[in-house]
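>>> Mind folding the following:
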Amino acid sequence: MRTRAIGDRQVGVIGLGAMPMSVAGHMPDEEQSIRTIHAALDAGITLIDTADAYTPSHEDVGHNERLVARALSRWSGDTDAVLVATKGGHTRTPDGWDVDGSPAYLRAACDRSLKALGVDSIGLYQHHRPDPKVPYEETIGALKELHDAGKIQYAGISNANPDQIRLAHSILGERLVSVQNEYSPRFRTSEPEIDVCAELGLAFLPWSPLGGIGRTGELNAVFAEIADAHGVSPQQVCLAWELARSPVVIPIPGASRPETIIDSAAAAGLELSEEELARLG
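Down below sits the predicted model:
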């Protein structure tokens, strides 16, 4: 598989979003999830994205992180080549979701993620979502402390606007390597963030690159027409379109079945013509 850079690491141009394996109402059994992760790794995917908040309920925080750790422990390949990215700051409550960007919370969340993943240092630790109650510079300062303490190897941010990206970069410098925002054919408002990432040399990791859980079949007719011409799925065309947007883009499609992530991984080898890209918009 082709590679792109996250910091000074090279990872496959397609990553794996592990969230669907831990979402109530959609999650498969554990063995299927582990087969899915192994299928991704066997297909050349070397970036796995998770979060402490990816869990079926607030009572099982870290569920997805522990699942990823178990899958890696059972894989026969070189796990040193795999970059595991997790996130903190988006919290689960009995009523749903909340945010906590306080430095104290992020320090505690990072320690909990270290334990869940079974590692001494997290490959890529990302602030999950801005907290309007906490000045952004204080939240980002906590990431700097975690990096300097050796608890994380790289820092990232998620759901950030261009001003927040620039602020985080001014505080973290080379410690900041990635931005993870929503981006897909149906959600293109992150175009400015992609351009800022390209300017600053940061990887841009689109979450829900196929439109979100249950929406992957909603790609418009042009994607299907181009897919038919290449003999591939519309989802592959979608991911190839995103890869063509900028050399900093590394999509992280979610998957809960081996078949879907194998299909997504094949997008790494799909080249679209300029005319096809123009048709896709």
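>>> which residues does the residue minimising distance to the centre of the chain bridge with?
Centroid check for the chain by CA atoms, centre = their mean gives D49 as the closest residue, at 4.4 Å. When bridges are called by DSSP bridges, D49 pairs up with G17, A85.
>>> For K144, give me its contacts.
Shown in contact with K144 (CB atoms under 8 Å, 6 or more residues apart in numbering): A155, I171, L172, R175. C-beta coordinates here come from the backbone N, C-alpha and C atoms, glycine included.
>>> For it, what is the enclosing helix or strand?
Assigned by DSSP states H and E, K144 belongs to helix 136-148.
>>> mind listing what's buried in that helix?
Y136, T139, I140, G141, A142, L143, K144, L146, H147 (16 or more other CB atoms under 10 Å).
>>> ditto for stretch 269-281
Across stretch 269-281, burial judged by 16+ other CB under 10 Å covers L270, L272, E276, L280.
>>> Of those, which is the nearest to R245?
Using CB to CB, L280 is the member of the buried residues of stretch 269-281 that sits closest to R245, with 10.1 Å.
>>> Please report how far that closest one lies from P192.
19 Å (CB to CB, to the nearest Å).
>>> same thing with D49?
Going from D49 to P192 by CB to CB gives 22 Å.
>>> Among the contacts of K144, name the ones in strands.
A155 (DSSP state E).
>>> Just the contacts of K144: which are in helices?
Using DSSP state H, the members of those that fall in helices are I171, L172.
>>> ok, which pair from the contacts of K144 is furthest apart?
Checking the contacts of K144 with CB to CB, the most distant pair is A155 and I171, at 9.6 Å.
>>> the more surrounded of these two?
A155 (26 against 18; other CB atoms under 10 Å).
>>> Can you list the low-confidence ranges for the stretch 101-250 of the chain?
Applying pLDDT under 70 to the stretch 101-250 of the chain flags the ranges 213-218.
>>> one step back: and of the contacts of K144, the nearest to P132?
I171 (18.5 Å).
>>> Can you verify my assumption that that closest one contacts T139?
No - I171 is beyond contact range of T139, at 9.7 Å (criterion: CB atoms under 8 Å).
>>> can you give me the helices in the stretch 1-150 of the chain?
30-42, 63-73, 103-117, 136-148 (DSSP state H, counting those that start in this stretch).
>>> Export the longest one to CSV, keeping only CA atoms.
The C-alpha trace of helix 103-117 is given here as CSV (Å, rounded to 0.1, in the frame of the first residue of the first chain):
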residue,chain,number,x,y,z
PRO,A,103,-5.9,19.8,31.7
ALA,A,104,-6.7,17.7,34.8
TYR,A,105,-9.2,15.6,32.9
LEU,A,106,-6.9,15.1,29.9
ARG,A,107,-4.1,14.0,32.1
ALA,A,108,-6.4,11.4,33.8
ALA,A,109,-7.9,10.3,30.4
CYS,A,110,-4.4,9.8,28.9
ASP,A,111,-3.4,7.6,31.9
ARG,A,112,-6.6,5.6,31.5
SER,A,113,-5.9,5.2,27.7
LEU,A,114,-2.3,4.1,28.4
LYS,A,115,-3.7,1.3,30.6
ALA,A,116,-6.5,0.3,28.2
LEU,A,117,-4.0,0.1,25.3
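>>> Mutual contacts of I171 and T139, please.
Common neighbours of I171 and T139, counting by CB under 8 Å, 6+ apart, are absent.
>>> What is the burial count for G44?
G44, neighbours per other CB under 10 Å, totals 18.
>>> Quick check: it vs Q10, distance?
For G44, the distance to Q10 - CB to CB - is 12 Å.
>>> ok, now G141?
Counting by CB to CB, the gap from G141 to Q10 is 29 Å.
>>> Most tightly packed of the helices of the stretch 1-150 of the chain?
helix 63-73 (a mean of 21; mean count of other CB atoms under 10 Å).
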